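Peer 1: coordinates only, no sequence provided:
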């Protein structure tokens, strides 16, 4: 295993093994609150991993009792709220862009509290696994803020508008099991098995064809923001353009490998 550790006193740890990167937020004493330095370290880490041909999937987690508690409110209060400026919110926010523009699938491994901005960061992942002890909450309304990294639009699309209203209007915490029941989390894992389960999923991703995977992910993500009719048309156009270039002789070997894999599972 190789290990690469980001700047800023190792606020973000990166380990790469079997073409899967494990990215760990590393401010456990502050519940991994997103300070300016940690946010910049996350942005830099994802930029490097996106450009690394040796990485095929990324697992994002937190060290300690929290995935992340969101924006560092103490720092924000000290600097007059610069983290809430227009430049740091919306689709052009550097942190949002860092994950949205990453070329590699991102699996969120939610190990503890994912609250407010931390909940938004979880929703920026492609899909989520959660430890049984994990807890989620959108407390924007309780602290007097409006979501700015996509939660108000992504959450209703994932769990339904009425459930999303309840979550955001009350600010109440909910469990990993509830998140799974509502379709927010793909799988609930025992705490000591969370990271390995997420890494195993990453290794499954690493076994796919990289260019086809990249295009499938783009079709899904782009289509999610369209009407169904427009998305289906877009899929047809992109699949026709790409699939017509495939070497079907090479695909025969892949199909043989796929049948063997199916017999093992």
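Peer 2: Received the coordinates, thanks. Computed from a predicted model, the values in this text were never measured in an experiment.

Peer 1: surely residue 124 is in contact with residue 100?
Peer 2: Yes: the pair residue 124 and residue 100 passes the contact test of C-beta atoms under 8 Å, sitting 6.9 Å apart. Just so you know, the C-beta spots here come from the backbone N, C-alpha and C atoms, and that holds for glycine as well.

Peer 1: which residue of these two possesses the greater neighbour count?
Peer 2: Between residue 124 and residue 100, counted using other C-beta atoms under 10 Å, the more crowded position is residue 124 (19 against 14).

Peer 1: phi, psi of that one?
Peer 2: Note on residue 124: its backbone torsions stand at phi -80, psi -10 [degrees, to the nearest 10].

Peer 1: assign the residue nearest to it when sequence neighbours are not counted to helix, strand or coil.
Peer 2: Closest residue in space to residue 124, ignoring its immediate chain neighbours: residue 99 at 4.2 Å, by C-beta to C-beta, 6 or more residues apart in numbering. The three-state label given to residue 99 by DSSP: H, G, I helix; E, B strand; the rest coil is helix.

Peer 1: dump the residue contacts of residue 99.
Peer 2: Shown in contact with residue 99 (C-beta atoms under 8 Å, 6 or more residues apart in numbering): 46, 106, 121, 124, 125.

Peer 1: these two touch, right, residue 18 and residue 203?
Peer 2: Yes: taking contact to mean C-beta under 8 Å, the distance of 5.4 Å between residue 18 and residue 203 places them in contact.

Peer 1: so where's the stretch 101-250 of the chain uncertain?
Peer 2: Applying pLDDT under 70 to the stretch 101-250 of the chain picks out residues 250.

Peer 1: if we go to 50?
Peer 2: Applying pLDDT under 50 to the predicted model, the stretch 101-250 of the chain contains no residue that meets it.
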